[in-house]
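Asks: Just a sequence and a predicted model for now, questions to come.
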Amino acid sequence: MNTPEFELRILDPRLHEWGLPTYHSDMAAGLDLRACIDAPLSLQPQAPAAMVPSGVAILINRPDVVALVLARSGLGARQGIVLGQAVGTIDPDYAGPWLVPLVNRNAIGTPPVVINPGERIAQAVFLPLIRPTFRIVEDFSVVTQRGAGGFGSTG
């Protein structure tokens, strides 16, 4: 397997002590990103997203790869912390700092969730990218079993 190599800029030197972005098991799909904040951040339930710096910029610079930033499953399942837009897309030509929009999806009236400096807050997954071209048609060239059946149409 040919593993691609991307350029990673460390924008926050505290990552050298907290831990650089890394995979936390031999077969982990997600590269963990940390909260590069100066003080604990209290995320109130149902408040607008807090843009949390990850302390890195990664240049993919390959037209066949995209990065998706995802919530960490433990934060989402146990504490209710997810990404503001569910999934963040990092385009191959983006060279700026990676920010993570965190939201506390818990019900209003529940306690805030505190994110501490250096805490792992999200994960980045790198995937193959396909950018198709399109041919305009009046009708599709094949008829599928499902056709235009939408939500719930398969049972």
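Replies: Received it, and whenever you're ready, just let me know what you need.

Asks: Relative to the whole chain's centre, how far out is stretch 114-129?
Replies: 6 Å (C-alpha atoms, centre = their mean, to the nearest Å).

Asks: Tell me the pLDDT of Ala122.
Replies: pLDDT, Ala122: 97.

Asks: can you pull the contacts of it?
Replies: 32-33, 54, 69-72, 83, 100, 102 (C-beta atoms under 8 Å, 6 or more residues apart in numbering). (C-beta placed from N, C-alpha, C; glycine too.)

Asks: who touches the most centrally placed residue in the chain in this structure?
Replies: Geometric centre of the chain, nearest residue: Val69, 1.2 Å, by C-alpha atoms, centre = their mean. By C-beta under 8 Å, 6+ apart, Val69 lies in contact with 33, 83, 87-90, 98, 100, 122-124.

Asks: Try it again at 10 Å.
Replies: By C-beta atoms under 10 Å, 6 or more residues apart in numbering, the residues touching Val69 are 30-31, 33, 54, 83, 85, 87-90, 98-101, 121-125.

Asks: who's in contact with the helix or strand of the chain at the bottom of the mean pLDDT ranking?
Replies: Ranking every helix and strand in the chain by mean pLDDT, DSSP states H and E puts helix 73-74 at the bottom, with a mean of 87. Residues outside helix 73-74 that contact it (C-beta under 10 Å, 6+ apart) are 30, 81, 120, 123.

Asks: Can you give me the pLDDT of the nearest residue to Ala71 once chain neighbours are set aside?
Replies: Leaving out its chain neighbours, the residue that sits closest to Ala71 by C-beta to C-beta, 6 or more residues apart in numbering is Val82, at 4.5 Å. pLDDT, Val82: 96.

Asks: For the helix or strand hosting Val82, name the packing helices and strands.
Replies: Assigned by DSSP states H and E, Val82 belongs to strand 81-83. With contacts taken as 3 or more C-beta pairs under 10 Å, 6 or more residues apart in numbering; DSSP states H and E, strand 81-83 sits against strand 65-71, strand 99-104, strand 120-128.

Asks: To Val113, which of the ones you listed lies closest?
Replies: Among the helices and strands packed on strand 81-83, the nearest to Val113 by C-beta to C-beta is strand 99-104 (5.2 Å).
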